[in-house]
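Novice: Sequence first, then the predicted structure, then my questions.
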Amino acid sequence: MSTTTAGHHAPLPNDANVVHQHYRSLVRTRRLYTIIAVGTLLVFLAAALWFADASNAGRFFERLPFFFDYFIHFQPNDPMEIVRAMFDLPSPYDDGSLKYNYPEGRVPLFGDFYLPEYFFQLLVTINIAVLATMMGAVLAFALCFFAASNLVGSRTVRFAVRRLFELLRAFPEIVIAGFLVAIFSLGPLAAVVAVAVHTVGALGKMFFEVVENADMKPDEGLRAAGANWFERVRYAMVPQVMPNFVSYALLRTEINVRASTIIGAVGGGGIGELFRLSIGQDHAAKTYAIIILLFLTVILIDWISGYLRKKLVGNAAFQFGD
C-alpha cells in the first residue's frame, strides 16, 4: 500500500492519467476557441464603430465631449414651469408664443373641471396599446395551436402558420405604421393596426412554444375517450397554457405602450406626437413634463402587470428555491 507525504498527491493510474490529460487538452482547446471568438467579436465591433463614426456627419467620438451640452442649455426658466406645463397652468413667462400656451391644451370635462392635455394624450397612447394588445392576443391565441407540433401533424399547416407569425413580426411597428398612415391617414387607427399586427407575430411565437411544452397526458386521455381536436385543445391545453398566455399578454402591453409612444412621432397620435413637437420646437418645460409622465406611466404599468402576473402564475414562480 503506497503512502503519500503531506501536500503531495498520489500518482494517478495510467488510464486515469490519460483521461485527465485528455480533459485538460479539451479545456485548453475550449479556452483557445473562446479567446478567438471574443477577439473576433471585438474586432468586428471596433470595425463597425469606426464605420458608423466615419459615416456620421458630426463624428460621434469627436462630439462625445459635448454630449451633455444640449441638456445643460435645454432647461426651463424654473422647475415650476414643468409642473405648469404638465397641468396646463398659466405661466408667468407667457409672451403669447406657443412655448407658454399651456392652458390652451386643456380638455374640458364639466364646469371648470378639465383634463390636462398631456394626461389626455397619455390616455390615448395607453388606449392604443391596450386595444392593440387585445386584438393581437386574440388572433395569436386563435392561430398558435395550429403551429404547435404536438397538436398538428401536418407540416404544411405548421409551416404556413409559423411563417405568418414571422412575417407579421419581421417589421417594427413604426415601419408598419408608416405604410398604414398612407391608407388610414394620420391618427390613432393606424397606430392600433400597426401595433396589433406586430403583436400577433410576437405573441404567436411565444404562445405556440408554451403549447409545445405543455403536458400531453390530458390530451392523451381525451383522445382515448374519443374527443375531437377542438375538444382536446379546449379541455386539455387551454387550462394549462392560459396563465402563461395572460402573463405574456401583460408583458406585451408594457412593450406596446412604449411602441405606441414612438409611433406617435410618425403621425399615430397620442403623446408621442406632442413629444416630437415639443422637442423639435425647443420647448424645454413641455418636453420634460412629457418625459416625467411617460416614466411614471411605464413604472405604474410595470408594477400592475407584475402584480397581475404573480396572481395568475403564483408567487412560487417568482421565488428562489430553498
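Specialist: Happy to help now that I have it. Numbers count the residues shown, from 1 in each chain.
Novice: which is the next helix or strand following the lengthiest helix in the chain?
Specialist: Using DSSP state H to define each element, the chain has its longest helix at helix 14-55. Remark: after helix 14-55, the chain's next helix or strand is helix 60-63, criterion DSSP states H and E.
Novice: what's the next secondary structure element after that next one?
Specialist: Next element after helix 60-63 (DSSP H and E): helix 69-73.
Novice: So which bits of that following helix are buried?
Specialist: Buried residues in helix 69-73, counting neighbours by 16 or more other CB atoms under 10 Å, are absent. Every residue, glycine included, has its C-beta placed from N, CA and C.
Novice: quick one, phi/psi of P90?
Specialist: Dihedral angles of P90 (phi, psi; degrees, to the nearest 10) stand at phi -60, psi 150.
Novice: That one is in contact with E104, isn't it?
Specialist: No - using CB atoms under 8 Å, P90 makes no contact with E104, being 10.3 Å away.
Novice: What is the helix or strand G306 falls within packed up against?
Specialist: For G306, the host element (DSSP H and E) is helix 284-313. The contact analysis (3 or more CB pairs under 8 Å, 6 or more residues apart in numbering; DSSP states H and E) places helix 284-313 against helix 80-86, helix 117-147, helix 238-263, helix 271-280.
Novice: what angle sits between the second one and helix 284-313?
Specialist: Helix 117-147 and helix 284-313 are oriented at 40 degrees to each other (axes from the mean of the first three to the mean of the last three CA atoms, to 10 degrees).
Novice: Report the mean confidence score over helix 117-147.
Specialist: Mean per-residue pLDDT for helix 117-147: 95.
Novice: now it: how far from the chain's centre is it?
Specialist: Distance of helix 117-147 from its chain centroid, counting by CA atoms, centre = their mean, to the nearest Å, is 13 Å.
Novice: Show me what the longest helix of the chain is packed against.
Specialist: Using 3+ CB pairs under 8 Å, 6+ apart: helix 14-55 touches helix 60-63.
Novice: Show me what the helix it packs on is packed up against.
Specialist: On a contact count with 3+ CB pairs under 8 Å, 6+ apart, helix 60-63 meets helix 14-55.
Novice: what angle sits between the helix holding G306 and helix 271-280?
Specialist: Using the same axes, to 10 degrees: helix 284-313 against helix 271-280 is 150 degrees.
Novice: Check the offset of the helix or strand bottoming out on mean pLDDT in the chain from the chain's centre.
Specialist: Ranked by mean pLDDT, DSSP states H and E, the weakest helix or strand in the chain is helix 60-63, scoring a mean of 74. Helix 60-63 sits 30 Å away from the centroid of its parent chain (CA atoms, centre = their mean).
Novice: can you count the residues close to A132?
Specialist: A132 has 28 neighbouring residues, counting by other CB atoms under 10 Å.
Novice: roughly how far apart are it and G264?
Specialist: Going from A132 to G264 by CB to CB, to the nearest Å gives 13 Å.
Novice: For these two, list the residues in contact with both.
Specialist: A191 (CB atoms under 8 Å, 6 or more residues apart in numbering).
Novice: In stretch 109-124, which residues are buried?
Specialist: For stretch 109-124, burial by neighbour count (16+ other CB under 10 Å) applies to 114, 116-122, 124.
Novice: any residues touching stretch 204-222, and which ones?
Specialist: In this structure, residues lying in contact with stretch 204-222 by CB under 8 Å, 6+ apart are 139-141, 143-145, 147-151, 161-162, 164-166, 168-169, 231-232, 235-237, 240-241, 244-245, 248.
Novice: repeat for stretch 296-313
Specialist: The set of residues external to stretch 296-313 that reach it, using CB under 8 Å, 6+ apart, is 122, 126, 243-244, 246-247, 250-251, 253-254, 257-258, 317-318.
Novice: Any of those residues buried? List them.
Specialist: Buried among the contacts of stretch 296-313 (16+ other CB under 10 Å): 122, 126, 243-244, 246-247, 250-251, 253-254, 257-258.
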